[in-house]
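Asker: here is the input, now give the coordinates:
(one chain, ligands or ions: 3)
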Amino acid sequence: MALIVQKYGGTSVGTVERIQEVAKKLIQFQQQGHDLVVVVSAMSGETNRLLALANEVNRHPRGRELDVLLSTGEQVTIALLCMALEQAGVHANSYTGSQVRILTDNTHNKARIMEIDDNKIRADLKQGHIVVVAGFQGCDEHGNITTLGRGGSDTTAVALAAALKADECQIYTDVDGVYTTDPRVVKEARRLDQITFEEMLEMASLGAKVLQIRSVEFASKYNVPLRVLSSFTEGGGTLITAEDPKMEQALISGIAFNRDEAKVTIIGVPDHPGIASQILGPIAKENIEVDMIIQNTAHDSTTDFTFTVHRNDYQNALNILQNTAKELGAKEVIGDDNIAKVSVVGVGMRSHAGIASSMFDTLAKESINISMISTSEIKISVVIDEKYLELAVRALHDAFELEKI
Ligand code: ADP
Ligand code: ASP
Ligand code: MG
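Answerer: Ligands and ions are numbered 1, 2, ... in the order given. As a prediction, this is how the structure comes out:
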């Protein structure tokens, strides 16, 4: 008998009928003899609806109040799912994050899980009950409700699986696994049977939103076998695990992309030690995260410095940089928020040269200009004009023969 933590995302519980379907599935799993802890998201669209309501009342609601509001989405689903199970004659208890006591830090809207009290869950399982937990939420040490950031129910599920030492954490969603790239964009995308934590972490960080980044970090840290599967169709899905040295690795496992970035450049900065920190210090002070950074080699004793930020922070970053430019006596500040980042990811890259040049070659053949490049051991990312994003993803998918995986 196995202890399994399952998570059902927004679409999987999007209607009353879907919730009834999930209940049916859970009963089958229970009949197979498994202990079940189930994490659910808000019904699809609900979190966005709540955010829009908040926005109508207050353009900048306090994080604490926003969390009280957003956490209600998941609370509706846990109650409905338990009622559906009860209706089918199976006993289940629902718990909000704070009822379980999923203790988080106090960073509202982006809280991190610190500790989970597993007493109530274990007691319920012992009685043969299904336990249903609201995803995406917890409470801080003072009992304030917190939420974990968009997509946070994935992290709730993995953290619970780690705390309970579950045999597997299964993420049920609207695709039947992790694909070589977003199947909504490239129809030739292929489902991967297996992918390593490291690759999945890169894919998630680089824009594949099938799993929240934190959930993959957790799974990797606590070595929780994680599986992504469809709640609509049968199949084994994609297993995400530690790297197995015996397994032959594909050169490239996937292509990730995102349109959430913008780039800013400060031109003609007098070049002297400390300018990078003088430029980025004020940006960090405003809590703006910086992704890629490029500093050109100096000529005429001045240099240009470019970096990317989240698109929501674009205007703010430009304003800050304009002030910095005045202080440092730089020539001008320019920016572009119509950019996109495309990345190829694969642990196979470690032992193979030439991936970067094939990537650049492929983009050149499509006349796509690269404006920034960054690399790590297992990924290469480029920034391009947003309007060529889909073309670039398709061309790379084709060039690396990912449809044959
Ligand atoms: P849920 O509501 O179940 O949490 P999400 O919308 O958060 O579901 O995540 C599933 C979606 O992730 C898919 O519908 C798909 O469009 C998108 N996605 C992006 N990249 C990938 C990928 N590489 N593999 C699978 N799905 C991906
Ligand atoms: N309901 C939250 C969201 O839409 C959390 C989740 O679904 O994982 O982001
Ligand atoms: Mg999600």
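
Asker: check which helices and strands the longest helix anywhere in the chain sits against.
Answerer: For the chain, the longest helix by residue count, based on DSSP state H, is helix 63-87. In terms of contact count using 3 or more Cβ pairs under 8 Å, 6 or more residues apart in numbering; DSSP states H and E, helix 63-87 is assigned the packing partners helix 16-31, strand 35-40, helix 46-57, strand 92-95, strand 130-134, strand 137-139, strand 145-147. Yep, even glycine has a C-beta here, placed from its N, CA and C like the rest.

Asker: mean neighbour count, distance to ligand 3 and mean pLDDT for those - can I get that in a markdown table?
Answerer: Putting those into a markdown table (neighbours: other Cβ atoms under 10 Å; distance: least, Cβ to the ion, whole Å; pLDDT from 0 to 100) gives the following:
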| stretch | mean neighbour count | distance to ligand 3 | mean pLDDT |
| --- | --- | --- | --- |
| helix 16-31 | 16 | 15 | 97 |
| strand 35-40 | 27 | 11 | 98 |
| helix 46-57 | 14 | 10 | 98 |
| strand 92-95 | 21 | 20 | 98 |
| strand 130-134 | 27 | 15 | 98 |
| strand 137-139 | 27 | 14 | 98 |
| strand 145-147 | 27 | 14 | 98 |
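
Asker: so which bits of the longest helix of the chain are buried?
Answerer: By neighbour count, with 16 or more other Cβ atoms under 10 Å as the criterion, the buried positions of helix 63-87 are 63, 66-78, 80-85.

Asker: quick check: mean pLDDT of that helix?
Answerer: Averaging pLDDT along helix 63-87 gives 98.

Asker: okay, now the unreliable bits of this structure?
Answerer: Under the criterion of pLDDT under 70, the regions of the chain flagged as low confidence span 245-249.

Asker: nearest spatial neighbour of the residue nearest to the spatial centre of the chain, skipping sequence neighbours?
Answerer: By Cα atoms, centre = their mean, the chain has its centre lying nearest to Q212, at 2.8 Å. In this structure, Q212 finds its nearest non-sequential neighbour in G151, 3.7 Å apart by Cβ to Cβ, 6 or more residues apart in numbering.

Asker: can you list phi and psi of the one you found for me?
Answerer: The phi and psi values for G151, taken as degrees, to the nearest 10, are phi 80, psi 10.

Asker: so what's it up against?
Answerer: The neighbours of G151, taking Cβ atoms under 8 Å, 6 or more residues apart in numbering as the test, are 209, 211-212, 215.
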